[in-house]
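Engineer: what follows is a predicted protein model with its sequence.
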Amino acid sequence: MSERITHRGSCHCGAVRFEADAATDAEVQSCNCSICSMTGYVHLIVPAAHFRLLTGASELETYTFNTGVARHRFCRRCGIKSFYVPRSNPDGISVNVRCLDPSTIGKFRFEEFDGRNWEANAATLRHLSED
């Protein structure tokens, strides 16, 4: 793993802005579950302590389904989900790589994650929210 840097991101309208500290060559996941497939979400999971919401807390809405563990957060102005608390890593934050400043994501390692078979595969993500 390479050095850790601060990645900056936002929702589409800019009302929600955040920072996440992660490696320059971080492992990120493209998931095939129903919600990720429909939204095109690409996951960068970080420990909660490595995430900072800078602006827009009052603009966030929360969507939950199934077990209610995952807390999908989206901007109520533009509808973009730029981060959320994932069910696989409730002690972490999953940042949407597509919402990050592109200048810091060039070396990310993209991996496929079989979220359609979540129960059988979720444990493979556990290490991502550990410090």
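Structural biologist: Alright, I've got the coordinates. Numbering: from 1, shown residues only.
Engineer: would you mark the buried spots in stretch 109-118?
Structural biologist: Neighbour-count burial for stretch 109-118 flags 113, 115, 118 (criterion: 16 or more other CB atoms under 10 Å). For glycine as for every other residue, the C-beta is placed from the backbone atoms N, C-alpha and C.
Engineer: hmm, I typed the wrong one, I wanted stretch 28-38.
Structural biologist: Within stretch 28-38, the residues that qualify as buried are 28-31, 33, 35-36, counting by 16+ other CB under 10 Å.
Engineer: which of the helices and strands in this structure ranks last by mean pLDDT?
Structural biologist: When each helix and strand of the chain is scored by mean pLDDT, DSSP states H and E, helix 118-121 comes last, with a mean of 86.
Engineer: any residues touching the helix ranked longest in the chain, and which ones?
Structural biologist: When the chain is parsed with DSSP state H, its longest helix is helix 34-39. By CB atoms under 8 Å, 6 or more residues apart in numbering, the list of residues contacting helix 34-39 from outside reads 30-31, 41, 43, 65, 72, 81, 115-116.
Engineer: I am finished for the moment; much appreciated.
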